[in-house]
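Undergrad: coords please:
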Amino acid sequence: MSAVSEEKSDVIDDLSSGLPSRARDDLERRLVRKLDLRMSVIVLLYALNFVDRANASSARLATFEQDLHLQGNEYATILSIVYVGYILMQVPANMVLHWLERPSILIPCSMVIWGLVSTLTGITKNYTGILLARFFLGFVEAPFYPGVLFLISGWYKRDELAVRTTLVTCGSVLSSGFGSVFASGILSGMQGKLGQAAWRWLFYIEGGATILVAICAFFILPDFPHNTRWLTPEERELAISRLAEDGQGRADDLGKRTTMQGLQDAVSDWKVWWFSVALIIQFVALSFVIYFPTLAATLGYDTTVTLLLCAPPWVLATITAFVLSRYSDKTQKRYVYFFASSATAALGFIISICTMNTAARYISMFMMAQIAAGYMVIWGWINNIFVREPAKRAVAIALINGLSQAGNIIGAFVWPPNWGPTYRYSFAVCFAALGLSTAMFGVMHLHLKRLNERMERNEQDAKGVNEIRGSVGFRYLV
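TA: Okay, the predicted model is just below:
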C-alpha cells in the first residue's frame, strides 16, 4: 500500500510541477484510452442524429411525396425548415451546457426528445403536419453537435482534436451511406405492414432506435474533467493540467469568464463571423449530401440498388477523413489538408457537370464525398482557434455552427426537379460555393500565420515571462 501511495504522490507532484515523467506518460495514455472508449459512443449518436434529419431523402424514393400531397417546392421546404429551429437553438443550448456543465445529461435528453419527434413524423398526414414535425426536429436536435464539439474540446489537446473530431463526426458520414442501406431494407420489406406505408415505418424504426441508444448514453458520456465522477483524483488532475500546459490558459485562470461574458467575447471576435460566413457558403457546396439518393437515382437503377450505391462513396470518405485528420494532427497543420479535400470534391463537381456517363457520374460521387474530410478538419481547426477560454469557446462553436446552417436552407433549393436529371446548374453552384469558401478559409490561414509571427517576435522582445500576454509558447495551428 505504501508503494502505491508513493507512486500516486509522485504522479501528483509531477503534474503540479509540469516535469515529464514515465509515470505521468503512462497515466496520460491510460486516461486518453479510457476517454476515447467513452467518446466512441458519439459515433453512433451522431449517425442517428444525421439519419433522423436525413431520412426524408430516403423516404422520397417511396410514396412519401404522394401520400403527403407535396407539390412544387414543398419538398425542398420541409428539408430546409429543419435548419430554422436548428439555428435558433444552437447558441442558447451551448450557453446552457456551459452553465450546467453536464453534457452527459443534456445531450441524451436532447436525443430522447428528437427520437420521439422523429417517430411521430411517421403519423403525419399532410404538408402542414410534416412541416411542423421537421421544424421541431431541428429545434430539439440543436444542442447535439455544438455540444459534442464543446465536450471534446474540453478534454483533448490541440494536436489531438482533428482525429477526435473526425471520430465523433464520422458517424454522420457513415450514416449517409449505411443509412441508405438500412432504409432500402425498410422500404422494400415493410410496405403495407399493419396497413402502414413503408416510409412511415422508416420514421418509426429509426426514431425508436434513437430513443433506445439515448437511454444508454446517459451512463456512458463523460462531463468535463473537473466534474466527471468516474475519474480517479490523479486522472482528474492530469486531465486539467495537460490542457493548461497545451495553451488553454494557465490552470488557475481557466473558466473564470461567465457564460454571458463568453457570449460577449464571441460576438465581438471577427473570426467567429468570418468562419460563420465561410461555412454558410461551404454548406451550399455540401447541399448535394441531402440529395445524394436523388443523385444516385439518376444512374438509372431501381430503388433498392440506388440506395445501396450510396454507401461506398461515404465509406471511402470516412477512411480519407481519418487519414487526413491523422496527418493534420501529426503535422499540426490544418488548411493544406482542407484544401486537398476541396480540390478532390471540385474535380468531382466538374465531372458531373460535363457528362451523364454512368461510370463517370458514379466515380464523381466518390470524389464529391471527399469534401466530408475537409469539413471535419475545419472543425478541428475552429476548436483550436477558440481553445483558450471555455465560455467563449462554447458560444463561438454554437454561433458558427448555428449560422452556418443557413447554407443548408439555401442549399435545399439548389436542386429543383426541373434542373434534373443532369443537375448541371446545381453542380455548378456547388463548385462556385466551394471555391469561394476555400478562398475565405485561405485568408484566415494567412491571417493566423501573421499572428503567430507576431507572437514569436513579442516573446523574443519581452524581458520576462510576466510581460507576455496569454500563454507562453501558444501558437495557432494553421
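Undergrad: how close does the nearest residue to residue 286 once chain neighbours are set aside get to residue 150?
TA: Closest residue in space to residue 286, ignoring its immediate chain neighbours: residue 371 at 6.3 Å, by CB to CB, 6 or more residues apart in numbering. No exception for glycine: its C-beta is placed from N, CA and C like everyone else's. Residue 371 sits 24 Å away from residue 150, going by CB to CB, to the nearest Å.
Undergrad: what's the answer for residue 269, then?
TA: For residue 269, the distance to residue 150 (CB to CB) stands at 16 Å.
Undergrad: these two: who's more crowded?
TA: Neighbours of residue 269 and residue 150, each counted by other CB atoms under 10 Å, are more numerous for residue 150; the result is 23 against 17.
Undergrad: that one against residue 395, yeah?
TA: No: taking contacts as CB atoms under 8 Å, residue 150 lies outside contact range of residue 395: 9.4 Å.
Undergrad: give me the common contacts of these two.
TA: A shared contact of residue 150 and residue 395, defined by CB atoms under 8 Å, 6 or more residues apart in numbering, is any residue touching both; here these are 94, 98.
Undergrad: what residue lies at the spatial centre of this protein?
TA: For the chain, the residue sitting closest to the mean C-alpha position, by CA atoms, centre = their mean, is residue 169 at 4.8 Å.
Undergrad: so that one is in contact with residue 379, correct?
TA: Yes: with contact taken as CB under 8 Å, residue 169 and residue 379 are classed as touching, separated by 6.9 Å.
Undergrad: show me how far the longest helix seen in the chain is from its chain's centre.
TA: The helix spanning the most residues in the chain, taking DSSP state H as the definition, is helix 424-461. Going by CA atoms, centre = their mean, to the nearest Å, the spacing between the C-alpha centre of helix 424-461 and its chain's C-alpha centre is 20 Å.
Undergrad: quick check: buried residues in that helix?
TA: Burial within helix 424-461, assessed by neighbour count using 16 or more other CB atoms under 10 Å, is assigned to 426-427, 429-431, 433-434, 436-438, 440-441, 444-445, 448, 455.
Undergrad: element containing the residue nearest to the centre of the chain?
TA: When secondary structure is defined by DSSP states H and E, residue 169 falls within helix 161-189.
Undergrad: any idea which helix or strand comes after that helix?
TA: In N-to-C order, the element after helix 161-189 by DSSP H and E is helix 198-217.
Undergrad: how much does that following helix deviate in direction from helix 161-189?
TA: Going by axes from the mean of the first three to the mean of the last three CA atoms, to 10 degrees, helix 198-217 is angled at 140 degrees with respect to helix 161-189.
Undergrad: beyond helix 198-217, next helix or strand please.
TA: Helices and strands here follow DSSP H and E; after helix 198-217, the next one along the chain is helix 233-245.
Undergrad: let me see the mean pLDDT of that following helix.
TA: For helix 233-245, the mean pLDDT works out to 86.
Undergrad: now it - C-alpha only, PDB.
TA: Output of helix 233-245 as PDB, limited to C-alpha atoms (Å, rounded to 0.1, in the frame of the first residue of the first chain):
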ATOM      1  CA  PRO A 233      -8.100  12.000  -8.400                       C
ATOM      2  CA  GLU A 234      -4.800  11.500 -10.300                       C
ATOM      3  CA  GLU A 235      -6.600  11.300 -13.700                       C
ATOM      4  CA  ARG A 236      -8.700  14.400 -12.900                       C
ATOM      5  CA  GLU A 237      -5.500  16.400 -12.000                       C
ATOM      6  CA  LEU A 238      -3.800  15.300 -15.200                       C
ATOM      7  CA  ALA A 239      -6.800  16.000 -17.400                       C
ATOM      8  CA  ILE A 240      -6.900  19.600 -16.200                       C
ATOM      9  CA  SER A 241      -3.200  20.200 -16.100                       C
ATOM     10  CA  ARG A 242      -2.400  18.800 -19.600                       C
ATOM     11  CA  LEU A 243      -5.000  21.200 -21.100                       C
ATOM     12  CA  ALA A 244      -3.400  24.200 -19.300                       C
ATOM     13  CA  GLU A 245       0.000  23.200 -20.500                       C
END
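Undergrad: helices and strands around it, which ones?
TA: Using 3 or more CB pairs under 8 Å, 6 or more residues apart in numbering; DSSP states H and E as the contact criterion, the elements in contact with helix 233-245 are helix 2-17, helix 22-39.
Undergrad: would you mark the buried spots in the longest one?
TA: Spelled out, that is helix 22-39. When burial is assessed from 16+ other CB under 10 Å, helix 22-39 yields the following buried residues: 23, 24, 27, 28, 31, 32, 35, 38, 39.
Undergrad: and for the residue nearest to the centre of the chain, nearest residue in space, chain neighbours not counted?
TA: For residue 169, the closest residue by CB to CB, 6+ apart turns out to be residue 376, at 5.0 Å.
Undergrad: which SS state does that neighbour fall under?
TA: State at residue 376, reduced to three classes by DSSP: H, G, I helix; E, B strand; the rest coil: helix.
Undergrad: what's the burial count for it?
TA: Neighbour count of residue 376, defined by other CB under 10 Å: 30.
Undergrad: could you do residue 131 as well?
TA: 17.
Undergrad: was I right to think it contacts residue 79?
TA: No: contact between residue 131 and residue 79 fails when scored by CB under 8 Å: they sit 10.7 Å apart.
Undergrad: distance of the residue nearest to the centre of the chain relative to residue 43?
TA: Applying CB to CB, the value for residue 169 to residue 43 is 9 Å.
Undergrad: and for residue 409?
TA: Counting by CB to CB, the gap between residue 409 and residue 43 amounts to 27 Å.
Undergrad: do residue 261 as well
TA: Counting by CB to CB - residue 261 and residue 43 are separated by 34 Å.
Undergrad: try residue 70
TA: Look at residue 70 and residue 43: by CB to CB, they are 33 Å apart.
Undergrad: and residue 179, by the same measure?
TA: From residue 179 to residue 43 the distance is 13 Å (CB to CB).
Undergrad: what do you get for residue 363?
TA: When CB to CB is the yardstick, residue 363 and residue 43 sit 27 Å from each other.
Undergrad: contact partners of stretch 154-162?
TA: Contact partners of stretch 154-162, identified using CB under 8 Å, 6+ apart, comprise 32, 35, 39, 152-153, 164, 222, 224-225, 239, 242-243, 246-247, 325-326, 328-330, 332, 334, 376-377, 380-381, 383-384, 387, 390, 477.
Undergrad: follow-up on the earlier one: got the contact list for the residue nearest to the centre of the chain?
TA: The contact partners of residue 169, taken as CB under 8 Å, 6+ apart, are 46, 321, 375, 376, 379.
Undergrad: and the buried ones among those residues, selectable in ChimeraX?
TA: The following ChimeraX line selects those of those that are buried, judged by 16+ other CB under 10 Å:
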select :46,321,375,376,379
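Undergrad: adding distance to residue 66 and pLDDT, write the contacts of residue 169 out as a markdown table.
TA: A markdown table is the format used below for the contacts of residue 169 (distance: CB to CB, whole Å; pLDDT from 0 to 100):
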| residue | distance to residue 66 | pLDDT |
| --- | --- | --- |
| 46 | 31 | 87 |
| 321 | 37 | 88 |
| 375 | 34 | 88 |
| 376 | 37 | 86 |
| 379 | 38 | 86 |
